[in-house]
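Asks: The following block contains a protein sequence and its predicted model.
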Amino acid sequence: MSYRTQAALWLAQRASAAVLAACVAVHLFTIVYAVRGGLSASEILERTRGSVAWFAFYSVFVLAVTVHVPIGLRAVCIEWLRWRGRSCDFALLLFAAFLAWAGMRAVVAVFA
Amino acid sequence: MKVLVKRTAGFQEFEVPREPSQTVLDAVTFIQRRLDPTLAYRYACRVGMCGSCAMMVNGVPRWTCRTHVDRVLEKETITLAPLRNLPVIRDLVVDMREFFDKWARAKGQFSGSATRQDEFQPVRPDSPPRRHADAGIECIGCGVCYAACDVVKWNPDYLGPAALNRAWTLVNDVREKENLQRLRAVSGDAGCHACHSHVSCTERCPKSLSPTAAIAGLKRAVAKTLMRGDL
């Protein structure tokens, strides 16, 4: 991987961290606010189903996680496992695809 | 007091008499001159100018000439070891080649844009680049920050705090003509982007410099260059 790509990955991780900071804050605040008087699964689904705003919000959340987590894991692989190079990058790309798939599956499940 | 010294074969214990205003370097010199002349260690100036007496004192990298025994004695014992993250030549002496090779890899050499026929380049002392350079320029290459850095331990290719600090002083030198190549040299997994900002280098620097701030500056400079499409 070129130094340019490595620098771009660092920038992408910083940018996705900024997005995640906002997403996590909104997510936690909404949970605490919405569950004050108790909330059942069906009540949650009532609010999320068909809500384009929540769909867009959680899609952005999943996208930020998909970008952020594999880049961080790459540093963990290099520093703790001494695993680097194409095999490591390819494995992390697959992991990013898994995160995107699993995350969007959950988002679609509460939207559709 | 008891002084435990990491020798090539393992730790060896010495009994060293306490003296007023005694430095750790005084204790090591006592051992070498009175107790065991085969002990290998390195020093030159004894007054905190050369940086060659750096070693691990109770697990912390320090200049032994500027470390008073009173400050570091734990249960009447001091433990000494060679600087971390560098190959040991013998006893307390480490091989600094890799450390300085990394300065070269970070393009630590000045490449001027003017010749001797040109006029002097005016550099205002209060200009931001000059102030950034000033903040890091006093590094004497003792290797304390390099030994304190966990990222160097985990990622041996990492250029390390001193080399990156040097690169940052040159990035801020308005006379320098190879800064684009320098930013390329300090980018990526072995460069400034590997730094986790643990701040161990800044915490341990005997000159009170902040390589962490220098590395953060390099990250900003690289990011700007990358976004302009010039990297």
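Replies: Alright, I've got the coordinates.

Asks: is it true that A:Ser42 lies in a helix?
Replies: Yes: the assignment for A:Ser42, made by DSSP: H, G, I helix; E, B strand; the rest coil, places it in a helix.

Asks: count of neighbours near it?
Replies: When counting by other CB atoms under 10 Å in any protein chain shown, one arrives at 7 neighbours for A:Ser42. Where C-beta positions appear, they are placed from N, C-alpha and C, glycine not excepted.

Asks: distance of the residue most central in space within chain B from A:Arg86?
Replies: Geometric centre of chain B, nearest residue: B:Gly143, 3.0 Å, by CA atoms, centre = their mean. Separation of B:Gly143 from A:Arg86 (CB to CB, to the nearest Å) stands at 34 Å.

Asks: Tell me who's in contact with the residue nearest to the centre of chain B.
Replies: Listed by CB atoms under 8 Å, 6 or more residues apart in numbering or on different chains, the contact set of B:Gly143 reads B:51, B:54, B:61, B:83, B:86, B:94, B:96, B:99, B:162.

Asks: Can you tell me which residue is spatially central in chain A?
Replies: Short answer for chain A (CA atoms, centre = their mean): A:Val65, at 2.0 Å.

Asks: Quick one: mean pLDDT for the helix or strand that contains it?
Replies: Assigning secondary structure by DSSP states H and E places A:Val65 in helix A:52-80. Per-residue pLDDT over helix A:52-80 has a mean of 96.

Asks: Is there proximity between that helix and chain B?
Replies: Yes: using CB under 8 Å from any CB of the partner chain, helix A:52-80 comes into contact with chain B via A:75, A:78-80.

Asks: Just give the nearest non-adjacent residue to A:Ala96, would you?
Replies: Computed as CB to CB, 6 or more residues apart in numbering or on different chains, the closest residue to A:Ala96 that is not its neighbour in sequence is A:Pro70, at 4.3 Å.

Asks: Quick check, that neighbour in contact with A:Phe90.
Replies: No: applying CB atoms under 8 Å, one finds A:Pro70 not in contact with A:Phe90, separated by 11.1 Å.

Asks: Which of those two has more residues huddled nearby?
Replies: Neighbours were counted for A:Pro70 and for A:Phe90 using other CB under 10 Å; A:Pro70 has more, 22 against 10.

Asks: Now do the contacts for that one.
Replies: A:Pro70 neighbours (CB under 8 Å, 6+ apart): A:92-93, A:95-96, A:99.

Asks: could you redo the last one with a cut-off of 7 Å?
Replies: By CB atoms under 7 Å, 6 or more residues apart in numbering or on different chains, the residues touching A:Pro70 are A:92, A:95-96.
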